[in-house]
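1. Dropping the sequence and predicted coords here.
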Amino acid sequence: MSKKVFYKVNHFIQAPQLRVLDDLGHQVGVMSKADALAKAQEMGIDLVEVAPLANPPVAKLIDFAKFKYQLQQKKQEEKKKNKTVEIKEIRFTPFIGPGDFDVRIKKATEYLKDGNKVKLVVKFTGREITRKNFGDAVLEKAVKALEGLAKVEMTPRLVGKNMFMQLAPSGKKKIESTDTQSNEEE
């Protein structure tokens, strides 16, 4: 739930003195409300109170529709920057074949390059739980295969019949540098 912010425009501004900015954000000066409204009317734009708690309150000379559009653009930019990190799960068995292992490592590599965290799970069935060391070996082998791309975020733990660990991307710089090295070698 986001809070709606209401801006006072033109005659709804109640402060007697205002610090006035133009549409580019440059300071025009401190002036009375009447002078600021006259200047806005002369320019054919609105006077929008942007910081009512400041002393004196800050108002901007800008078309209100343009002001709302700029706020919307700023929100969208913030949303783009705040990318949610997903945890992707890759399942292994203690006696996994080399081909299956390679496919799962390839998928884990893709997830890490996308910036997601990867949870490696070794699922034990039946009496396989008596051979926990095989599960450890599979996880160690996976960590070695993903060595340049990921760092261990959570060490291997056994919960019930599942042994799991979590990897996080080691950083975009390292991922990009490994890509450029492989391109240079070709």
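-> Looks like it arrived, so ask away. Residues are numbered from 1 along each chain as shown.
2. Now do residue 7 against residue 31, distance only.
-> Counting by Cβ to Cβ, to the nearest Å, the separation of residue 7 from residue 31 is 19 Å. (Each C-beta comes from the backbone N, C-alpha and C, glycine too.)
3. Tell me who's in contact with residue 161.
-> Contacts for residue 161 (Cβ atoms under 8 Å, 6 or more residues apart in numbering) come out as 123-125, 129.
4. nope, residue 66 is what I meant
-> Counting by Cβ under 8 Å, 6+ apart, residue 66 has contacts residue 23.
5. of all the contacts of residue 161, which comes closest to residue 89?
-> residue 123 (10.6 Å; Cβ to Cβ).
6. measure stretch 122-133 end to end?
-> End-to-end distance for stretch 122-133, by Cα to Cα, to the nearest Å: 11 Å.
7. buried sites along the longest helix along the chain?
-> Across the chain, the longest stretch assigned as helix under DSSP state H is helix 64-81. Buried positions in helix 64-81, judged by neighbour count with 16 or more other Cβ atoms under 10 Å: residue 67.
8. what is the mean pLDDT for it?
-> Averaging pLDDT along helix 64-81 gives 88.
9. can you pull the buried residues of the helix or strand just after that helix?
-> Using DSSP states H and E, the helix or strand that follows helix 64-81 towards the C-terminus is strand 87-92. Buried residues in strand 87-92, counting neighbours by 16+ other Cβ under 10 Å, are found at 88, 90, 92.
10. got it, and stretch 150-168?
-> Neighbour count says stretch 150-168 has 150, 156, 163-168 buried, by 16+ other Cβ under 10 Å.
11. Could you do stretch 102-110 as well?
-> By 16+ other Cβ under 10 Å, the buried positions in stretch 102-110 come out as 104-105, 108-109.
12. how near is residue 61 to residue 42?
-> In this structure, residue 61 and residue 42 are 10 Å apart, going by Cβ to Cβ.
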